[in-house]
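okay, sequence plus prediction incoming.
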Amino acid sequence: MKLVAVIFDLDGVIVSTDEFHYLAWKQLAEEEALFFDYQMNQRLLGVSRMESLAIILENSSKEYSFTEKEALAQRKNQYYKRLIERLSPRDILPGVNAFLAKLRKQGMKMAIGSSSKNCPLILEKIGLADAFPVVVDGNQITNSKPDPEVFLTAAARLAIAPENCLVIEDAKAGVTAALAGNMKVLGVGAAATDERATWRAADLTEVDLQSIIF
Ligand code: B16
Ligand code: MG
């Protein structure tokens, strides 16, 4: 089995937007008197906006209509967008740029597979809008992680078989998605302790590319 393509998750792998998602949900939860803590936030990693909201509303005694839920999600996104306004290339996570350069040198194919609908805006802000020939994000998929759709779509657009793809993920839902898509996974950040991952590393500075590709 030869790895010829790498599909990167965005939030938590390329750039650390997790804290901004957390702060935006926290503001919404406080305004709506909903319970929300760090542990609950861990369950939101890699999960779509509406599914994240469903998790936050799990313990609520109030019934929200679909329209109300859409308004809540939209409000959270306004808070989030205000926070990511200040993102810049300086926010690219440690080791990412060097890792991308090595992959390019090896002739590896590269794609983004993210649940985020803000993906194009974030890539633009961090100066990586042209770095990936294929970008599949929350705007283009029906089923969000842990469903493999985002990664399978990226592999299909790269014209590479799933078993020849490596996914780099920071979220449990993303690791599940990659494995369900029959891909290899490198778990980083929050997924660095996920035993299901094929390889694990705290961040991309620690990864020995040669030992993974060959
Ligand atoms: P948005 P990833 C995911 O991005 C985040 O990890 C997750 O926390 C967020 O809820 C989801 O994107 C949707 O984001 O509200 O911007 O559409 O990790 O898959 O790149
Ligand atoms: Mg992520």
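Arrived safely. Ligands and ions are numbered 1, 2, ... in the order given.

near ligand 1 at all, stretch 92-108?
No: applying CB under 6 Å from any ligand atom, one finds stretch 92-108 out of contact with ligand 1, separated by at least 12.1 Å. Backbone N, C-alpha and C define where each C-beta goes, glycine included.

near ligand 2 at all, that stretch?
No: applying CB under 5 Å from the ion, one finds stretch 92-108 out of contact with ligand 2, separated by at least 10.8 Å.

so for that stretch, mean pLDDT?
For stretch 92-108, the mean pLDDT works out to 95.

residues contacting that stretch, please?
Stretch 92-108 is contacted by residues 3-6, 13-16, 110, 126-128, 131, 203-207, 209, 213 when judged by CB atoms under 8 Å, 6 or more residues apart in numbering.

one more time with 7 Å, if that's ok
Stretch 92-108 has contacts (CB atoms under 7 Å, 6 or more residues apart in numbering) with 4-6, 14-16, 110, 126, 131, 203-205, 207, 209, 213.

how far away is the residue in the chain that ligand 2 sits nearest to from residue 22?
When scored by CB to the ion, the chain has residue 12 as its residue closest to ligand 2, at 3.5 Å. The spacing between residue 12 and residue 22, counted by CB to CB, to the nearest Å, is 11 Å.

what of residue 207?
Note on residue 207: its distance to residue 22, by CB to CB, is 26 Å.

next: residue 3.
To residue 22, residue 3 is 32 Å away according to CB to CB.

now swap in residue 164 and tell me
From residue 164 over to residue 22 the distance is 35 Å, taken as CB to CB.

repeat for residue 55
For residue 55, the distance to residue 22 equals 13 Å [CB to CB].

these two: which is more packed in?
Ranked by neighbour count (other CB atoms under 10 Å), residue 55 and residue 22 place residue 22 first, with 20 against 15.
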